[in-house]
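Enquirer: Compute the structure for the input listed below.
(chains A and B)
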Amino acid sequence: MKEQKHSVFGLKYWLYDFAKITAAPPCLIAFRPKYIYESGQAKKKIRGGAILIANHTGFFDPIYVMLAVWYRRHRFVCIQELFEGKRGFFFRHFLCIPIDRENFGLDKLNEITGHLDNGCLVSMFPEGRINEQQGIASFKSGMILMSLRSGKPVVPIYILKRSHWYERLHIVIGEPFDVKRMYGDRPTLAQIESAAKALHDKEYELSKLA
Amino acid sequence: MQLTRDEIMERLKDIMISAGGGNEQIYRECTEDSDLSADLGLSSIGMLYIVIAVEETFRIRFTGVGMSDFRTVKDVIDYIEEHQE
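Expert: Model prediction:
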């Protein structure tokens, strides 16, 4: 993976960094995250562009994902509706990328791959919505196209939902999944679906480690 | 070089066949009026895949359009015809 091109400190991100620094201590105290790594390779810090995916069970999942990879700025892919009204201010200033689920355009795909090419970390929940059922819902395969177009790996993480407020948060971090290396530059649609399924299976494997 | 509508159609069929997302016979027999989703069974990811392949094949850029702007094969051919060099 390439080195991150962005500076550690930057005025452009002052609000994001300020919120992150001030929110970190209470979050660490409240959640006391326990990190579990799939392997030695998973333990290595994520450098450069990468797509971070996680299971989605609640509203606070983005915070848990940020705690999982605390040393990077995250660009979360969010539904367009979250950018409407007053709350839109929050999402706009926290590096979120709005997407229209009903009419996803190539412009948006290019915007996301542009961020990845610039060495950013793009985080998303491939289930597409908060999953209130048991288990992990099937994954959308858009992340595979993003990974193929940018050549950046997908890093799966699993968050174990706490059943009591006093329990520790368990975060399992998996090995980077290199779609391009596994399926080549131009896989078929069936291979793309298969890659999404493989990541879904990986998420299940990670859930057993939690 | 400007391609005719028939030539664009043939290349588009080749792209859809190489994508391998459905029945090859359906792609070979499709017409300009074929609905991308209902007749050809393309999912949103399939559409995106084909659009990327079209960009590379025809050296055009899809800007300011979403996947739902293309309903039939005709819509795609119109866009390519309008934007080809």
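Enquirer: Buried residues in stretch A:99-111, which are they?
Expert: A:99, A:104-106, A:108-110 (16 or more other C-beta atoms under 10 Å in any protein chain shown). Where C-beta positions appear, they are placed from N, C-alpha and C, glycine not excepted.
Enquirer: Let me see the ranges of the helices in the chain.
Expert: Chain wasn't specified; assuming chain A. Counting by DSSP state H, one finds helices in chain A at the ranges A:14-31, A:40-43, A:61-68, A:87-93, A:106-117, A:142-150, A:179-183, A:189-209.
Enquirer: Actually, chain B is the one I wanted.
Expert: Using DSSP H, the helices of chain B run over B:5-19, B:24-28, B:44-58, B:73-83.
Enquirer: so what does the third one touch, helix or strand wise?
Expert: Other elements packing on helix B:44-58 under the criterion 3 or more C-beta pairs under 8 Å, 6 or more residues apart in numbering or on different chains; DSSP states H and E are helix A:106-117, helix A:142-150, helix A:189-209, helix B:5-19, helix B:73-83.
Enquirer: Deepest in the core, which of these is it.
Expert: Counting by mean count of other C-beta atoms under 10 Å in any protein chain shown, helix A:142-150 has the highest mean neighbour count of the helices and strands packed on helix B:44-58, with a mean of 23.
Enquirer: Sketch out the low-pLDDT regions of chain A for me.
Expert: Counting by pLDDT under 70, chain A shows low-confidence ranges at A:1-10.
Enquirer: Around chain B, which positions in it sit nearby?
Expert: Taking C-beta under 8 Å from any C-beta of the partner chain as the measure of proximity, chain A contacts chain B at A:100, A:102-107, A:109, A:140-142, A:145, A:149, A:186, A:188-190, A:192-193.
Enquirer: hmm, try it at 6 Å
Expert: Contact residues (C-beta under 6 Å from any C-beta of the partner chain) of chain A with chain B: A:103-106, A:141, A:145, A:188-190.
Enquirer: tell me which of those is nearest to B:E56?
Expert: The closest of the residues of chain A next to chain B to B:E56 turns out to be A:L106 (C-beta to C-beta; 12.0 Å).
Enquirer: ok, now which ones touch the closest one?
Expert: B:51, B:62 (C-beta atoms under 6 Å, 6 or more residues apart in numbering or on different chains).
Enquirer: Can you tell me how far it is from A:L209?
Expert: With distances taken as C-beta to C-beta, to the nearest Å, A:L106 is found 37 Å from A:L209.
Enquirer: Leaving out sequence neighbours, find the closest residue to A:S207.
Expert: Excluding the flanking residues, the one nearest A:S207 by C-beta to C-beta, 6 or more residues apart in numbering or on different chains is A:Y158, at 5.1 Å.
Enquirer: tally of neighbours for that neighbour?
Expert: As a burial measure, A:Y158 scores 25 neighbours (other C-beta atoms under 10 Å in any protein chain shown).
Enquirer: OK, contacts around it?
Expert: Contacts of A:Y158 by C-beta under 6 Å, 6+ apart are A:55, A:172, A:203, A:206-207, A:210.
Enquirer: okay, those in JSON lines with distance to A:A24 next?
Expert: Formatted as JSON lines, those follow (distance: C-beta to C-beta, whole Å):
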{"residue": "A:N55", "distance to A:A24": "23"}
{"residue": "A:V172", "distance to A:A24": "21"}
{"residue": "A:E203", "distance to A:A24": "26"}
{"residue": "A:L206", "distance to A:A24": "24"}
{"residue": "A:S207", "distance to A:A24": "26"}
{"residue": "A:A210", "distance to A:A24": "22"}
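Enquirer: Can you give me the neighbour number for A:K140?
Expert: With other C-beta under 10 Å as criterion, A:K140 counts 18.
Enquirer: can you tell me which residues contact it?
Expert: Shown in contact with A:K140 (C-beta under 6 Å, 6+ apart): A:126, A:128.
Enquirer: Apply 8 Å and report the result again.
Expert: A:126-128, A:196, B:45 (C-beta atoms under 8 Å, 6 or more residues apart in numbering or on different chains).
Enquirer: For A:L145, see how far away the residue nearest to B:I15 when sequence neighbours are not counted is.
Expert: Computed as C-beta to C-beta, 6+ apart, the closest residue to B:I15 that is not its neighbour in sequence is B:A53, at 4.6 Å. From B:A53 across to A:L145, the span is 11 Å (C-beta to C-beta).
Enquirer: A:P98 too?
Expert: 18 Å.
Enquirer: What of A:A50?
Expert: Distance, A:A50 to A:L145, using C-beta to C-beta: 15 Å.
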